[in-house]
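Q: I would like the atomic coordinates for the input below:
(one chain, ligands or ions: 1)
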Amino acid sequence: MNKSVMFRKESESLNEDFDPPPQSSLNRYAVDDDCEQPALPFLSSIQSHEVGTPHIRLLEGGKPKFTSSPRSADFRKRFFPEATKSDWNDWHWQIRNRIRDVGTLSRMLQLSQGEREALTFHSANLPLSITPYYASLMDRSDPTHPIRRAVVPVTAEYQRTAGESEDPLSEEHTSPVPGLVHRYPDRVLFLSTDFCSTYCRYCTRSRMVGDSKSHCSNTNQWEQAIAYIEDHSEIRDVLISGGDPLTLADERLEWLLSRLRRIAHVELLRIGTKVPVVLPQRITPALTRMLKRYHPLWMSIHFMHPEELTPEVEQACGRLADAGIPLGSQTVLLAGVNDEVDTMKRLVHGLVKIRVRPYYLYQCDPIIGSAHFRTSVQKGLEMIKGLRGHTTGYAVPTYVIDAPGGGGKIPLLPEYVVGWEGNDLLLRNYEGKTYRYPDYCN
Ligand code: SF4
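A: Next up is the predicted model:
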């Protein structure tokens, strides 16, 4: 019996999403191959004076090329010996060859008992799917490796604890039409697809991603959502998310962006994605040229750990930043994955080096089976205390809890305000020293 059938089947609308760009554009921009030059070192080992290395290297004739790291090149030769460099650097190949069953995964990793049981005997809401590129970042023998923990299921995922729910943010209750969430007054969340190339085991939308019944990428559903936005002139900001919108074909994504851009009261378009991290090969010159036609366009990228900051990711983010797209990161605080100040500091420092502004640090949402990922709120406050004042302000994200029940994002700060003494405000700084501010005016 094929063990992968234990997981919910992925969307059947995938073919629509993965139609490749026209051959003409592939010929012009399929340049991610023949990477014979030395690869860039991993960012963690780049000295500060090396930051700013050109991320788009030019072949003779002026074509940009995508550089693979030695790590992913070794992984390709070992587990995909038939694949060429060109295959590996083609995002369609990465999606076609993503890892979706226990048999394939067990060739690549020494699975722990918990991982094997989870993959073999249990049914899960969320399918298993990992791009070969992202799999190349996992430690083969250590089941506690952060990237491995984020994408390989364990049996704890099937244990429900108090306070958990399928839809903790009550998105379904703030959805005026299918595929659209209107929680805040002037902005909406547009669920453009249910598909992701790689599924995170702690996903807030695990109730619907990878689900063929969600119809998120159905054109009729898109039309209904667009009509709603057209009818609501208070909406000035549309966040396109999913699933992952950057798994849509260029033409399909452009269709959506162009339809939204035509609505006069929509000032800002945003894309929420993890693709630059799990599938950096997707960030092609053709894609960035298309995206820059729809400015102002911002992008929130889901980063989790400093080990994600590879040469490939640096190139992908460089291409997006060069296209004038402001980049922010969104990071979920995860127990045993990124909940040490030193780890978080390495992540935010790496992000600013590749021109991504750490934007939000999220307390993990209480989805069903998330207890093994959740930290205390105190831990989150410790992260901010360990960053604020100790490093560049641009590198300090806002720590938030997305309030269960649909209350929206609520920021949390360590206790910097001690209190008042007469007209003096007493403040505690990052070193724990107390200062006075004369809190009165004429
Ligand atoms: S990429 Fe985002 S939407 Fe997709 S599984 Fe991960 S958290 Fe969920």
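
Q: Up against the ligand, what does this structure have?
A: 196, 199, 200, 203, 205, 209, 242, 243, 244, 274, 302 (C-beta under 6 Å from any ligand atom). The C-beta positions use only the backbone N, C-alpha and C, and glycine is treated the same way.

Q: Compile those residues into a markdown table and extend it with columns for neighbour count.
A: A markdown table is the format used below for the residues of the chain next to the ligand (neighbours: other C-beta atoms under 10 Å):
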| residue | neighbour count |
| --- | --- |
| 196 | 29 |
| 199 | 29 |
| 200 | 20 |
| 203 | 22 |
| 205 | 24 |
| 209 | 27 |
| 242 | 27 |
| 243 | 28 |
| 244 | 26 |
| 274 | 25 |
| 302 | 23 |
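
Q: and the residues you listed, which of them are in strands?
A: Using DSSP state E, the members of the residues of the chain next to the ligand that fall within strands are residue 302.

Q: I'd like to know which of the residues of the chain next to the ligand are part of helices.
A: Taking DSSP state H, every one of the residues of the chain next to the ligand sits outside helices.

Q: Going by distance to residue 405, which of the residues of the chain next to the ligand wins?
A: Among the residues of the chain next to the ligand, residue 205 lies closest to residue 405 (C-beta to C-beta), at 16.3 Å.

Q: and the closest one, what does it touch?
A: Going by C-beta atoms under 8 Å, 6 or more residues apart in numbering, residue 205 touches 171, 191, 242, 243.

Q: Can you spell out the domain ranges of this structure, please?
A: Following automatic domain parsing, the chain resolves into domains at 171-411, 413-442.

Q: Which among these is found nearest to residue 68?
A: Per C-beta to C-beta, nearest to residue 68 of these: domain 171-411, 6.7 Å.

Q: and that closest one, how far apart are its ends?
A: Using C-alpha to C-alpha, to the nearest Å, one end of domain 171-411 lies 19 Å from the other.

Q: Mind checking the pLDDT average for it?
A: Averaged across domain 171-411, pLDDT comes to 96.

Q: So what's the gap between that domain and the chain middle?
A: Offset of domain 171-411 from its chain centre (C-alpha atoms, centre = their mean, to the nearest Å): 6 Å.

Q: what's around the closest residue to residue 253 other than its chain neighbours, how many residues?
A: Using C-beta to C-beta, 6 or more residues apart in numbering and skipping residues adjacent in sequence, the residue nearest residue 253 is residue 245, 6.3 Å away. Residue 245 is flanked by 27 other residues according to other C-beta atoms under 10 Å.

Q: How about residue 228?
A: 17.

Q: what about it, helix or strand, and which?
A: Secondary structure assignment for residue 228, by DSSP states H and E: helix 219-231.

Q: Any buried residues in that helix, and which?
A: Neighbour counts over helix 219-231 (16 or more other C-beta atoms under 10 Å) mark 221, 222, 225, 226, 228, 229, 230 as buried.

Q: all strands of this protein, in order?
A: For the chain, the strands defined by DSSP E cover 57-58, 64-65, 180-184, 187-191, 237-241, 268-273, 297-302, 327-333, 357-363, 398-403, 408-411, 417-421, 424-428, 434-438.

Q: what's the fourth one packed up against?
A: The one in question is strand 187-191. strand 180-184, helix 219-231, strand 237-241 (3 or more C-beta pairs under 8 Å, 6 or more residues apart in numbering; DSSP states H and E).

Q: between these, which gets nearest to residue 155?
A: Nearest of the helices and strands packed on strand 187-191 (C-beta to C-beta): strand 237-241, 29.2 Å.

Q: Residue 230 is in contact with residue 259, isn't it?
A: No: between residue 230 and residue 259 there is no contact, the gap being 9.4 Å when judged by C-beta atoms under 8 Å.

Q: and for the two, which residues touch both?
A: With C-beta under 8 Å, 6+ apart, residue 230 and residue 259 have no common neighbours.

Q: residue contacts, the residue nearest to residue 253?
A: Residue 245 touches 192, 193, 253, 256, 271, 272, 273, counting by C-beta under 8 Å, 6+ apart.

Q: Over to residue 202?
A: Counting by C-beta under 8 Å, 6+ apart, residue 202 has contacts 150, 332, 334, 364, 365, 367, 370, 373.

Q: Please flag which of the residues you listed sit within helices.
A: residue 150.

Q: quick one: which of the contacts of residue 202 is nearest residue 234?
A: Among the contacts of residue 202, and counting by C-beta to C-beta, the member closest to residue 234 is residue 365, at 26.6 Å.
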